[in-house]
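In: Provided below for reference: sequence and predicted model.
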There are 2 protein chains.
Amino acid sequence: MSDSAKPVSKREGRREAAVAVEETQAVQLGELSDLLGYVLKRAQLKVFEDFLRCVAPLQLTPAQFSVLLLLDANPGRNQTEIANTLGILRPNFVSLLDSLESRDLCTRVRSANDRRSHILMLTEKGRGVLARAKKLVVSKHEARLNELLGPDGREALLGMLTKIAEEF
Amino acid sequence: MSDSAKPVSKREGRREAAVAVEETQAVQLGELSDLLGYVLKRAQLKVFEDFLRCVAPLQLTPAQFSVLLLLDANPGRNQTEIANTLGILRPNFVSLLDSLESRDLCTRVRSANDRRSHILMLTEKGRGVLARAKKLVVSKHEARLNELLGPDGREALLGMLTKIAEEF
DNA sequence: CCGTGTTTGGTATAGTGGATAACAATTATC
DNA sequence: GATAATTGTTATCCACTATACCAAACACGG
């Protein structure tokens, strides 16, 4: 049984020679390139990746950075309030805070009013790191996005994404 | 020791009455609302959430749907090719395929040319499910986005996200 | 004042997505 | 024909997410 049963199955050797140029043809994305969710996730991964690179000297993840930002803008809040605004579940927020506190970037202070809750506050070091992180984000990360999209493009994108995040 | 050592600590009862209206003040997002990465992730979560709702009757995740779409547009490809285009690592692609194959939506066929690789193809049922999924996505999911952003807004958003995903 | 219910921070745990190392089978290369 | 590379796969690890449960503290109604 060499080539009697399946005569069509093995004519590959000739094809290789014939179309050697476009041998490995790219996989077609097809309708996937029009799926907003797909492109959205791809873009999000790229942006987070770049954020990590830009802020690498300070060893801050996007989540950690957002916590520091919130603490700076909202002094006197407790864990549940901060976690809720970021969409982080309280149990998962504990270890995140542990890591920040162990690096002396923020502290939990027992509230006098309600001795259950922990008031969160930035330390001196935390404020310093946050300030440096902001500079890196603005001068490297967001600057690159501005360069790619243009100032008004970036603004338009931010507007539409905010609309989706809030009203969808 | 009733109220001699800490006279200032318990004057909360009066404050409650005084500012009862704006008791629970909202946490300020601050500069977070201008961080593109933050809004981007929030929007992405919302969009995926809605995708799951819309396509729930067919029990398809975004990842599974994207695989079916790719298989339809690229017959005769193997696992690594499909996985690579989707940014999925080969080891993690195995279980994804297992679930699709166990539901009889696609099949792995050993290639005649290269007996290492598995050619992936949609089954009849897979094509049917994909067709129904497409209809749901277009008529419910993407339609809602169109309604929120307008046709040209959606197009602009898709364009900028694609630019980020490809060139960033 | 007391008992009931709720809230807060926390632990334990499970599920999921992503990443690396290693492996057998197969193919490519020289 | 020996060596290297590739394919699908397993095992494993890490990060993130989600749920159940707990003790301490508070709120409230009797």
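Out: Received it, and whenever you're ready, just let me know what you need.
In: Pick out the residue closest to the middle of chain A.
Out: A:F48 (3.3 Å; C-alpha atoms, centre = their mean).
In: so that residue touches B:G37, yeah?
Out: Yes - if you go by C-beta atoms under 8 Å, A:F48 and B:G37 touch, sitting 5.9 Å apart. To be clear about C-beta, it is placed using only N, CA and C from the backbone, and glycine gets the same treatment.
In: by how many degrees do the top helix by length along chain A and helix B:36-54 diverge?
Out: Counting by DSSP state H, the longest helix found in chain A is helix A:36-54. Relative orientation of helix A:36-54 and helix B:36-54, computed by axes from the mean of the first three to the mean of the last three C-alpha atoms, to 10 degrees: 150 degrees.
In: and helix A:36-54, anywhere near chain B?
Out: Yes - judged by C-beta under 8 Å from any C-beta of the partner chain, helix A:36-54 comes into contact with chain B at A:36-48, A:50-51.
In: Check stretch A:112-127 too.
Out: Yes - using C-beta under 8 Å from any C-beta, stretch A:112-127 reaches chain B at A:112-113.
In: Give me the residues contacting that stretch.
Out: Outside stretch A:112-127, the residues that touch it by C-beta atoms under 8 Å, 6 or more residues apart in numbering or on different chains are A:68, A:71-72, A:75-80, A:82, A:97, A:100, A:104-111, A:130, B:9, B:12.
In: For it, buried residues please.
Out: A:117-123, A:126-127 (16 or more other C-beta atoms under 10 Å in any protein chain shown).
In: Likewise for stretch A:78-98?
Out: A:78-79, A:81-83, A:85-86, A:88, A:93, A:96-97.
In: Just the C-alpha atoms of stretch A:57-71, please, in CSV.
Out: Listed next in CSV are the C-alpha coordinates belonging to stretch A:57-71 (Å, rounded to 0.1, in the frame of the first residue of the first chain):
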residue,chain,number,x,y,z
PRO,A,57,12.5,50.8,39.2
LEU,A,58,9.9,51.3,41.9
GLN,A,59,8.6,47.7,41.8
LEU,A,60,4.9,48.7,41.7
THR,A,61,2.1,46.8,40.0
PRO,A,62,-0.9,48.7,38.5
ALA,A,63,-3.0,47.5,41.5
GLN,A,64,-0.5,48.7,44.0
PHE,A,65,-0.1,52.0,42.3
SER,A,66,-3.9,52.5,42.2
VAL,A,67,-4.0,51.8,46.0
LEU,A,68,-1.4,54.4,46.7
LEU,A,69,-3.2,56.9,44.5
LEU,A,70,-6.4,56.3,46.3
LEU,A,71,-4.9,56.5,49.8
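In: at contact distance from DNA strand C, anything in that stretch?
Out: No - Stretch A:57-71 lies out of reach of DNA strand C by C-beta under 7 Å from any atom of the strand, never closer than 12.6 Å.
In: so the residue lying closest to A:Q64 once chain neighbours are set aside, which of the three states?
Out: Closest residue to A:Q64 apart from its sequence neighbours, by C-beta to C-beta, 6 or more residues apart in numbering or on different chains: A:L100 at 6.2 Å. What DSSP: H, G, I helix; E, B strand; the rest coil gives for A:L100 is helix.
In: Return the residues in contact with A:L100.
Out: So A:L100 contacts A:64, A:67-68, A:106, A:126 (C-beta under 8 Å, 6+ apart).
In: next one: A:R108
Out: Residues in contact with A:R108 (C-beta under 8 Å, 6+ apart) are A:79, A:97, A:101, A:118-120.
In: Does chain B have contacts with the strand or helix carrying A:E166?
Out: Using DSSP states H and E, A:E166 falls within helix A:151-167. Yes - against chain B, helix A:151-167 shows contacts by C-beta under 8 Å from any C-beta at A:153-154, A:156-158, A:160-165, A:167.
In: Wait, A:L29 touches B:L86, no?
Out: No - using C-beta under 8 Å, A:L29 is not in contact with B:L86; the gap is 9.5 Å.
In: looking at chain A, which helix or strand is least sure?
Out: Lowest on mean pLDDT, DSSP states H and E among the helices and strands of chain A sits helix A:12-18, with a mean of 38.
In: how close does the residue nearest to the centre of chain A sit to B:Q59?
Out: 29 Å (C-beta to C-beta, to the nearest Å).
In: same question, A:I88
Out: 28 Å.
In: Could you do A:E124 as well?
Out: 52 Å.
In: Point out the residues in chain A that sit beside DNA strand D.
Out: A:61, A:63, A:88-89, A:91-92, A:113-116.
In: Tell me the one among these nearest to chain B.
Out: Closest approach to chain B among the residues of chain A next to DNA strand D (C-beta to the nearest C-beta): A:N113, at 5.5 Å.
In: remind me which residues of chain A are low pLDDT?
Out: A:1-24 (pLDDT under 70).
In: Could you rerun that using 50?
Out: A:1-22 (pLDDT under 50).
In: Spell out which residues of chain A are next to DNA strand C.
Out: Checking chain A against DNA strand C by C-beta under 7 Å from any atom of the strand, the hits are A:78-80, A:90-91, A:94, A:97, A:108, A:114, A:116-118.
In: ok, now with 6 Å
Out: Within chain A, the positions near DNA strand C by C-beta under 6 Å from any atom of the strand are A:78-80, A:90-91, A:94, A:97, A:108, A:116-118.
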